[in-house]
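Trainee: How does the following fold in three dimensions:
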Amino acid sequence: MRLFLFIAVATAGFGQSSTSTVITDLNGHPEVSSSSVQTSTTTSAGTDVTQTKTTRSLNGSAVPLEQIEERVLRQDANGKVSERIVRRYNPNGQLASTERVVSEEQHGSDGSSTVNATTYRTDLDGHEQQTEKRVSQTRVEGGTTTTDTSISQPTINGTFDTTEKRSAVTTGDKDKQTTTESVYRPSVSGGLQEAVRRVTVATSSADQSVAQTAQYEPGLNGGMQLKSQTVTTTTNQPGGVQTTQVNVYGADAPGEVRQEGASQKLQEQQTVTREKAADGSVVETLSVRRPTVSDPSRLGSPEQVSQTVCTGKCDSKP
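Mentor: Modelled structure (predicted):
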């Protein structure tokens, strides 16, 4: 099994960070597989711009992988207009596609908000085409927050049809919140039907937070049935050590045929430990346990998957 070692280095300069990813090859030798540099600046016109450039190591040379540029075009008390451009490159480092998303967010005095996002992508000839429209409306009524999202995509006739709708309802306070999200997609008979339902219960205390998520999908009889569950527990320990454990449950285990209505079984356990080293850097280690082939009901020994070493501005994303 390959050991992935992620070394994140945040520079001391304002608004800039860099990340290098090192993996161990089949011969046990470390090699840099990719690196990224993120720079945040404010132009003389007051426009906030964030650029992220990611490259991969290919035969000892750096080849562009992806470049993301985000900028706030306008922002005031009523909302903001932002633009996100993603440029993706092929294995030879040549530009393969460009995606541009323009978002306009408006805020109401009652806590409500509306976000209109339009996505443009380049075609094979490099021409920009409008490919998606997304409208999200959020309403706040007492302790309940409701967000309705509608996604439209172009048809062969050039018009836009609704291809997905989402509705998320959140209730509770900061100590305990319940969010129920339903995703509706086109059915064979026409119209939209519920394709996915996620119910998340999040609780938090002074030193621990727990998020339990259950996902439901249509069963053979057409009704919504439990598909998978995830329990994420984050604990803050003495000495500044933080541990996050993610237990993933499913109705079928590796090597078994899924049965309708089967009980949930633990399929994977992920553990992330984040602690501060003596030199001031932050070390984040990820290990995974999975059921053994000989006995799917038991988890095997932990296997380290990755290690992230961050220096500098470690609380911000690289």
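Trainee: Just give the nearest non-adjacent residue to G143, would you?
Mentor: T171 (5.9 Å; Cβ to Cβ, 6 or more residues apart in numbering). The C-beta positions use only the backbone N, C-alpha and C, and glycine is treated the same way.
Trainee: beta partners of the one you found?
Mentor: Beta-bridge partners of T171, counted by DSSP bridges, are T144, T178.
Trainee: List the residues that contact it.
Mentor: G143, T144, T145, Q177, T178 (Cβ atoms under 8 Å, 6 or more residues apart in numbering).
Trainee: 10 Å instead, please
Mentor: G142, G143, T144, T145, T146, Q177, T178, T179, T180 (Cβ atoms under 10 Å, 6 or more residues apart in numbering).
Trainee: how near is it to G111?
Mentor: Distance, T171 to G111, using Cβ to Cβ, to the nearest Å: 15 Å.
Trainee: same deal with R166?
Mentor: Counting by Cβ to Cβ, the gap from R166 to G111 is 20 Å.
Trainee: If you count surrounding residues, which of these two has more?
Mentor: Set side by side, R166 and G111 show more neighbours around R166, with 17 against 11, by other Cβ atoms under 10 Å.
Trainee: check which helix or strand covers that one.
Mentor: Assessed by DSSP states H and E, R166 sits inside strand 160-172.
Trainee: Check the secondary structure at T98 for me.
Mentor: strand (DSSP: H, G, I helix; E, B strand; the rest coil).
Trainee: so who does it touch?
Mentor: Q67, I85, V86, R87, R88, Y120, R121, T122, G126, E128.
Trainee: Reformat the residues you listed as a markdown table; add secondary structure, pLDDT and neighbour count.
Mentor: What follows is these, written out as a markdown table (DSSP: H, G, I helix; E, B strand; the rest coil; pLDDT from 0 to 100; neighbours: other Cβ atoms under 10 Å):
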| residue | secondary structure | pLDDT | neighbour count |
| --- | --- | --- | --- |
| Q67 | strand | 93 | 18 |
| I85 | strand | 96 | 16 |
| V86 | strand | 95 | 16 |
| R87 | strand | 94 | 18 |
| R88 | strand | 93 | 15 |
| Y120 | strand | 97 | 16 |
| R121 | strand | 95 | 16 |
| T122 | strand | 92 | 17 |
| G126 | coil | 83 | 9 |
| E128 | strand | 92 | 12 |
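Trainee: Present the residues you listed as CSV; the columns should include distance to N247.
Mentor: Listed next are the contacts of T98 as CSV, based on distance: Cβ to Cβ, whole Å:
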residue, distance to N247
Q67, 36
I85, 38
V86, 33
R87, 38
R88, 34
Y120, 40
R121, 38
T122, 42
G126, 46
E128, 44
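Trainee: from the residues you listed, which single one is nearest S209?
Mentor: V86 (31.5 Å; Cβ to Cβ).
Trainee: Excluding sequence neighbours, find me the nearest residue to the closest one.
Mentor: V86 sits nearest to E99 (Cβ to Cβ, 6+ apart), 4.5 Å away.
Trainee: Okay then, goodbye and thanks.
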